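In: Here is the input, now give the coordinates:
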Amino acid sequence: MCYVEIKVYFCVIFENMSILRSFSSRLATYLSIYVCFCVVLFSSCSGKQSSNQSWVDSVLESYDSIPDDSLVFSVDDAPVSQTVDEYFIDFLFTFTHNKQFQKSRTCLPISILNRAGEVVQSVSSVEDINDFLDFGSLDCYFMLLHDVSQLESDYMTTTNDVVLSLVDLDDSSVKNLGCERVNGEWHLNRAAEFSLDSFSYGNFLHFYHNFAVDNDFQTEHVAQPLNISIPDEEEDGHFIEGTIDANQFSVFSPELPHGKLLLLDYDNHHADETNKVVMVKCGLGSGMMDIMTFAECDGDWKLTSIEQ
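Out: Sure, this is the predicted structure:
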């Protein structure tokens with residue numbers, strides 16, 4: 001009786017594999033096939049191997065007919081919200097997860113300019129844009145602000161111009177894509193490429209790269225003591241504020257991406273570099289946020305506070 005229940009349970013799983021095909025990788029298929037053989041093994045012990053073998057063969061045959069790419073989450077599956085143009089980040093998420101939406105919101109062809117305004121490359125397809133700015137690796141983005149109060153500003157909904165910057169800290173390069181909201185709709189309409197040294201906040205980002213990859217350097221550049229604000233686990237919506245020793249930073253530190261960073265610049269807020277940088281890390285589509293404040297004194301940057 002136990003084996004019959006097991007078989008029925010996994011039949012339900014296989015009959016609902018359309019869900020797994022939409023959201024899982026090919027690993028789900030291999031795992032499911034493995035489970036099939038486990039079911040056969042159990043059933044054979046009860047003397048019902050022939051009938052179960054027939055059932056498993058039919059399942060495997062159905063999987064052989066499934067295209068490989070249907071087992072991976074498709075960027076064409078992301079729905080388009082009716083309010084996709086209200087917040088730029090909603091537009092960005094949909095743009096990076098829906099190919100048809102990408103095509104409808106990209107003004108092609110696009111000329112890629114250098115810092116001097118000279119055309120260095122011309123792209124005529126969305127695929128070329130994706131190659132230029134690797135959307136496939138996006139899971140978070142950053143904003144570099146002058147003050148944390150800017151997060152409470154309404155410019156994130158009122159602005160009509162945003163620049164995406166893919167900063168490669170390893171080779172010190174920057175790739176920009178400009179987006180503009182025209183007649184209530186966001187469109188990607190320009191691109192540029194240049195060195196990190198000529199980028200606003202270039203000096204800070206060189207520092208951040210070392211801060212993220214070198215533990216000794218990191219320890220030397222954490223203020224003593226370090227201000228901290230973390231959620232109160234016992235009371236929702238409340239935070240615990242205080243200070244910690246610099247050596248304890250690793251306990252509370254968010255993950256610090258260090259290869260490539262995606263920066264969002266609303267209305268050219270990166271125009272002037274200052275001696276204070278509020279670095280806001282946001283999960284793309286998750287709503288998670290970490291805030292790190294850095295201050296420069298006598299040419300030396302230090303982390304002065306973290307908020308989660």
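In: Looks like residue 148 contacts residue 279 (just checking).
Out: No. When contacts are counted by CB atoms under 8 Å, residue 148 is not listed as touching residue 279 (10.4 Å). For every residue, glycine as well, the C-beta is placed using N, CA and C.
In: more crowded one of these two?
Out: For residue 148 versus residue 279, the count of surrounding residues by other CB atoms under 10 Å is larger for residue 279: 22 against 13.
In: packing partners for the strand or helix carrying the more buried one?
Out: When elements are assigned from DSSP states H and E, residue 279 belongs to strand 276-283. Counting by 3 or more CB pairs under 8 Å, 6 or more residues apart in numbering; DSSP states H and E, the packing neighbours recorded for strand 276-283 are strand 140-145, strand 289-297.
In: Please identify the deepest-packed of the ones you listed.
Out: Most buried of the helices and strands packed on strand 276-283, by mean neighbour count (mean count of other CB atoms under 10 Å): strand 140-145, with a mean of 20.
In: Just the buried positions in the helix or strand just after that strand, please.
Out: Using DSSP H and E, the next helix or strand after strand 140-145 towards the C-terminus is helix 155-158. Neighbour-count burial for helix 155-158 flags residue 156 (criterion: 16 or more other CB atoms under 10 Å).
In: Please identify every residue contacting each of residue 148 and residue 279.
Out: 291, 293 (CB atoms under 8 Å, 6 or more residues apart in numbering).
In: ok, the spatially most central residue of the chain - contacts?
Out: In the chain, the centroid-proximal residue (CA atoms, centre = their mean) is residue 139; its distance is 1.2 Å. For residue 139, the contacting residues are 283-284, by CB under 8 Å, 6+ apart.
In: now with 6 Å?
Out: residue 284 (CB atoms under 6 Å, 6 or more residues apart in numbering).
In: starting at the chain centroid, how far to the strand holding residue 279?
Out: Here the centre of strand 276-283 is set off from its chain's centre by 15 Å, with CA atoms, centre = their mean, to the nearest Å.
In: neighbouring contacts of that strand?
Out: Identification of contacts with strand 276-283 by CB under 6 Å, 6+ apart yields 140-145, 148, 204, 289-295.
In: List the contacts of stretch 213-227.
Out: With contact meaning CB under 6 Å, 6+ apart, stretch 213-227 is reached by 210-211, 243-244, 246, 249, 258, 302-305.
In: That one: which residues count as buried?
Out: For stretch 213-227, by 16+ other CB under 10 Å, it's 218, 221-223, 226.
In: now, among those residues, which is nearest to residue 166?
Out: Here the nearest of those to residue 166, counting by CB to CB, is residue 218; it sits at 23.8 Å.
In: picking that back up, of the contacts of strand 276-283, which is the nearest to residue 127?
Out: Using CB to CB, residue 141 is the member of the contacts of strand 276-283 that sits closest to residue 127, with 21.9 Å.
In: if I look at that closest one, how far off is residue 291?
Out: Plainly put, residue 141 is 14 Å away from residue 291 if you go by CB to CB, to the nearest Å.
In: So which bits of stretch 161-170 are buried?
Out: 162-167, 169.
In: which stretches of this structure form helices?
Out: Secondary structure of the chain (DSSP state H): helices located at 2-15, 17-23, 26-45, 49-64, 88-97, 99-104, 126-132, 155-158, 202-213, 215-220, 249-252.
In: Pairing-wise in the sheet, spell out the partners of the nearest residue to residue 262 once chain neighbours are set aside.
Out: Nearest non-adjacent residue to residue 262, counting by CB to CB, 6 or more residues apart in numbering: residue 141, 4.5 Å away. Beta-bridge partners for residue 141, by DSSP bridges, are residue 282.
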